[in-house]
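# Fold the stuff below for me.
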Amino acid sequence: MTPFELTYVCAEPVLPPLYRMVRRQLRGMLSTEQGVPALLDVGGRKSHYTIGLRARVTVTDVPRRSTLQEQLNLGVTQRMVSQLRARRSNVQEVLLDDMTHSELPDACFDCVVAVEVIEHVAEDEAFVREVHRVLKPGGRFLATTPNGDAVPNKNPDHKRHYTRVQLHDLLSRCFPIVNVEYAVRAGVFRRLGLRSWSIQRPVGTAVGMAANWVNGLQSSRAGVGGQAAGTCHLIATAWKRA
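Here you go, the predicted model:
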């Protein structure tokens, strides 16, 4: 691993709980695959949650073209692509690709992940169909999105916030096995943990790290996955028929 990757892995206990959950689930998915699995990260930009995983990672995203994308830190720039290639050891390719009509070949990935992406996609059914198409038989899809049962949509680029039932229904149109749960407790610790880290603000960074650790404990309590109220995200897993 690169120094950047080693630093990130060491910091994992104080990362935001959603990233930790995604990393834990991805490790579990990849552990059942033979050899080094092929993993597609859709809309991944810097793809931090795939750092250190035993996988050949392909990152796809759309180019950053609009002022709104700039304001919301969406899409990728050439500088971001160059930085990603320099920092990462398991990223094989970084591609500009629209997952609603992808140019990727059929059945080429063991796993696809999309973290906080699908809420930005107008053609969500086309998105899910393309994910299904590029997965190998038996492949799995992991997705997260804001919890539409509790979180109002105030983001100008979010097309919708799914309820648990709506997300399950969307994925079930392509995938025979789907599981959707609630994730990450809301509250002051989550808000503090989402503040950006900076070596110029050591106290604020330390507070954010501690808040993420506490929020992780809150979010790991039994029953959180079934609680619509007071949770911020949905986390979904879907399996393609073998």
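# From here on, just use CA atoms for contacts and neighbour counts.
Fine.
# And the helices in this protein?
Across the chain, reading from the start of the chain, the helices by DSSP state H fall at 3-10, 17-31, 67-72, 78-87, 124-134, 164-172, 188-193, 202-219.
# Looking at these, which is nearest to T58?
Between T58 and the helices of the chain, the tightest spacing by CA to CA is seen for helix 78-87, at 11.1 Å.
# so where is this protein shaky, pLDDT-wise?
Filtered on pLDDT under 70, the chain yields no residues whatsoever.
# spatially speaking, which residue is in the middle of it?
V115 (1.9 Å; CA atoms, centre = their mean).
# Could you pull up the contacting residues of R45?
Counting by CA atoms under 8 Å, 6 or more residues apart in numbering, R45 makes contact with V59, T60, D61, G75, V76, M80, V81.
# Just name the closest of the residues you listed to L40, please.
Looking at the contacts of R45 and their distance to L40, the nearest is V59, at 6.0 Å (CA to CA).
# Can you give me the neighbour number for the closest one?
25 (other CA atoms under 10 Å).
# go on, A11?
For A11, the neighbour count with other CA under 10 Å is 11.
# for R65, same thing?
One way to gauge burial is a neighbour count; for R65, by other CA under 10 Å, it gives 12.
# do the one 10 residues further on as well
Using other CA under 10 Å, the number of residues around G75 comes to 19.
# ok, residues contacting the longest strand anywhere in the chain?
Ranked by residue count under DSSP state E, the longest strand found in the chain is strand 135-146. Contact partners of strand 135-146, identified using CA under 8 Å, 6+ apart, comprise 22, 26, 29, 106-119, 131, 161-162, 232-242.
# Select only the buried ones of those residues in PyMOL?
Of the contacts of strand 135-146, the buried ones go into a single PyMOL selection, burial set by 16 or more other CA atoms under 10 Å:
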select buried, resi 22+26+29+108+109+110+111+112+113+114+115+116+117+118+119+131+161+162+232+233+234+235+236+237+238+239+240
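# Next one: L84 relative to V115, how far apart?
L84 sits 17 Å away from V115, taking CA to CA, to the nearest Å as the criterion.
# Same check on S102?
Look at S102 and V115: by CA to CA, they are 18 Å apart.
# Compare the helices of the chain and give me the one nearest D149.
helix 164-172 (7.0 Å).
# got the angle for that closest one vs strand 135-146?
Compare the direction of helix 164-172 with that of strand 135-146 by axes from the mean of the first three to the mean of the last three CA atoms, to 10 degrees and you get 160 degrees.
# can you pull the buried residues of helix 164-172?
Across helix 164-172, burial judged by 16+ other CA under 10 Å covers R164, L167, H168, L170, L171, S172.
# what's the burial count for the closest residue to H120 other than its chain neighbours?
Distance criterion CA to CA, 6 or more residues apart in numbering; nearest residue to H120, sequence neighbours excluded, is H158 at 4.7 Å. Other residues lying near H158 total 16 when counted by other CA under 10 Å.
# residues of the longest strand of the chain that come out buried?
Neighbour-count burial for strand 135-146, with 16+ other CA under 10 Å as criterion, is recorded at L135, K136, P137, G139, R140, F141, L142, A143, T144, T145, P146.
# likewise stretch 218-234?
Residues of stretch 218-234 classed as buried by neighbour count (16+ other CA under 10 Å): Q218, S219, V224, G225, A228, G230, T231, C232, H233, L234.
# again with stretch 173-182
When neighbours are counted by 16+ other CA under 10 Å, the buried residues of stretch 173-182 are found to be C174, F175, V178, V180, E181, Y182.
# so the last one sits right up against A229, yeah?
No: taking contacts as CA atoms under 8 Å, Y182 lies outside contact range of A229: 9.2 Å.
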